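Visitor: Sequence and predicted structure, then a few things I'm wondering about:
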Amino acid sequence: MLFWGNSCPNNNKDYCFCKALFYSKLYLKMKSSKLKIGLVQMHCGKNPQENLGGAILRIKKLAKAGAKIICLPELFLTEYFCQSRDKKFFELAEKIPGGPTLIALQKTAKETGVVITTSIYENAGKGKFFNTAVVIDADGKFLGKYRKMHIPDDPEHYYDEAHYFSKGDLGVKVFKTKYAKIATLICWDQWFPESAREAAKKGAQIIFYPTAIGFQPKENLKIAKAEHEAWQLIQRSHAIANNVFVAAANHVKKENHLNFWGSSFVSDPYGRVISQAPIDRSADIIAKCDLSLIPQMRHDWPFLKNC
């Protein structure tokens with residue numbers, strides 16, 4: 001960097017001062033664009049209060065470690081219940097906003113100063129139930145919700161979600177939080193590139209995917225490995241094609257029939273995995289996201305201009 005004396009053109013100290021000021025501001029801007037996000041990977045039990053309490057403790061732990069946006073897994077309040085049909089599971093659904101789980105998470109967000117996102121089973125009234133993502137800002141304010149649009153209808157493989165959830169009717173949402181613009185899609189949505197593209201076009205810098213996915217009972221090991229790799233690969237491709245960060249927070253270990261494969265991860269806009277949880281146990285992970293990569297990549301690879 002040019003500063004004073006003989007290194008300045010024509011000994012122009014005013015020019016050099018302005019240039020130094022420009023680069024200093026640029027450095028500070030780039031430094032401030034680095035954001036820590038946290039993912040909670042959980043083995044979810046049958047007791048909702050235990051799961052909620054454990055999740056809140058882990059949110060506080062991640063907040064102390066510097067995470068500013070934290071994502072919990074899909075339907076973290078219980079075991080993944082869509083593996084069988086039982087009318088008692090409809091009793092788990094809550095009003096959004098106003099339900100006890102959302103209120104508890106709002107309180108936690110306000111206490112810790114972090115943004116929280118996850119999915120909660122929503123009772124929308126008039127016989128309508130949704131798998132609903134919520135976004136809570138760092139002051140505890142409820143920013144809004146997204147209802148899962150791609151609903152698995154596969155009871156043979158223990159994903160009988162069509163029995164419990166209606167198809168989402170709100171469209172893809174992007175939320176301006178204190179720290180970044182984010183979209184939260186849910187699990188099965190991650191296989192559909194059009195949802196990620198719409199989120200990016202609406203301004204999302206980070207796409208979160210609260211997730212519940214795993215291995216089938218007695219599944220062929222080669223097929224299981226290929227499915228696991230494909231799951232991460234499709235999401236990394238969303239990051240690349242849309243110049244965004246992508247983060248998926250999964251269940252882990254066996255819950256009823258399914259053995260959830262964990263592996264929660266964060267991908268940068270180049271598809272590089274910058275943080276990943278283990279495949280076989282609960283874990284909390286943090287990734288440092290350099291948001292300045294997004295405009296840089298969109299300048300170099302302007303994919304969105306062709307949309």
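Guide: Nice, I can see it. All of these numbers come straight from a predicted model, not from anything done at the bench.
Visitor: C-alpha from now on. contacts and neighbour counts both.
Guide: Noted.
Visitor: where do the strands sit along the stretch 51-200 of the chain?
Guide: 69-71, 115-125, 128-136, 142-147, 175-176, 181-184 (DSSP state E, counting those that start in this stretch).
Visitor: Report the angle between the fourth one and strand 128-136.
Guide: The reference is to strand 142-147. 140 degrees (axes from the mean of the first three to the mean of the last three C-alpha atoms, to 10 degrees).
Visitor: Name every strand pairing with strand 142-147 and say which way it goes.
Guide: strand 128-136 (antiparallel) (DSSP bridges).
Visitor: Any buried residues in the partner strand, and which?
Guide: Residues of strand 128-136 classed as buried: Phe129, Phe130, Asn131, Thr132, Ala133, Val134, Val135, Ile136 (neighbour count, 16 or more other C-alpha atoms under 10 Å).
Visitor: Please tell me how far stretch 116-127 is from the chain's geometric centre.
Guide: Centroid separation for stretch 116-127 versus its chain: 17 Å, with C-alpha atoms, centre = their mean, to the nearest Å.
Visitor: For that stretch, list the C-alpha coordinates in PDB.
Guide: C-alpha atoms of stretch 116-127 as PDB (Å, rounded to 0.1, in the frame of the first residue of the first chain):
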ATOM      1  CA  ILE A 116     -32.300 -18.800  15.700                       C
ATOM      2  CA  THR A 117     -33.900 -20.800  12.900                       C
ATOM      3  CA  THR A 118     -35.400 -24.300  12.900                       C
ATOM      4  CA  SER A 119     -38.600 -26.100  12.000                       C
ATOM      5  CA  ILE A 120     -41.700 -26.600  14.200                       C
ATOM      6  CA  TYR A 121     -44.900 -28.600  13.600                       C
ATOM      7  CA  GLU A 122     -47.600 -26.000  13.000                       C
ATOM      8  CA  ASN A 123     -51.300 -26.200  13.600                       C
ATOM      9  CA  ALA A 124     -52.700 -23.500  11.300                       C
ATOM     10  CA  GLY A 125     -56.400 -24.200  12.200                       C
ATOM     11  CA  LYS A 126     -59.200 -25.500  10.100                       C
ATOM     12  CA  GLY A 127     -57.600 -28.900   9.800                       C
END
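Visitor: ok, residues contacting it?
Guide: Taking contacts as C-alpha atoms under 8 Å, 6 or more residues apart in numbering, the residues outside stretch 116-127 that touch it are 69-77, 92-96, 101, 105, 109, 129-138, 184, 186, 210.
Visitor: hang on, the earlier thing: could you dump the strands of the stretch 51-200 of the chain to a markdown table with mean pLDDT and distance to Gln49?
Guide: Formatted as a markdown table, the strands of the stretch 51-200 of the chain follow (pLDDT from 0 to 100; distance: least, C-alpha to C-alpha, whole Å):
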| stretch | mean pLDDT | distance to Gln49 |
| --- | --- | --- |
| strand 69-71 | 99 | 18 |
| strand 115-125 | 98 | 14 |
| strand 128-136 | 98 | 19 |
| strand 142-147 | 98 | 21 |
| strand 175-176 | 98 | 28 |
| strand 181-184 | 98 | 24 |
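Visitor: by contact count, what packs against the longest helix belonging to the chain?
Guide: Secondary structure of the chain read by DSSP state H shows that its longest helix is helix 221-242. Applying 3 or more C-alpha pairs under 8 Å, 6 or more residues apart in numbering; DSSP states H and E, we find helix 221-242 packed against helix 193-201, strand 245-249.
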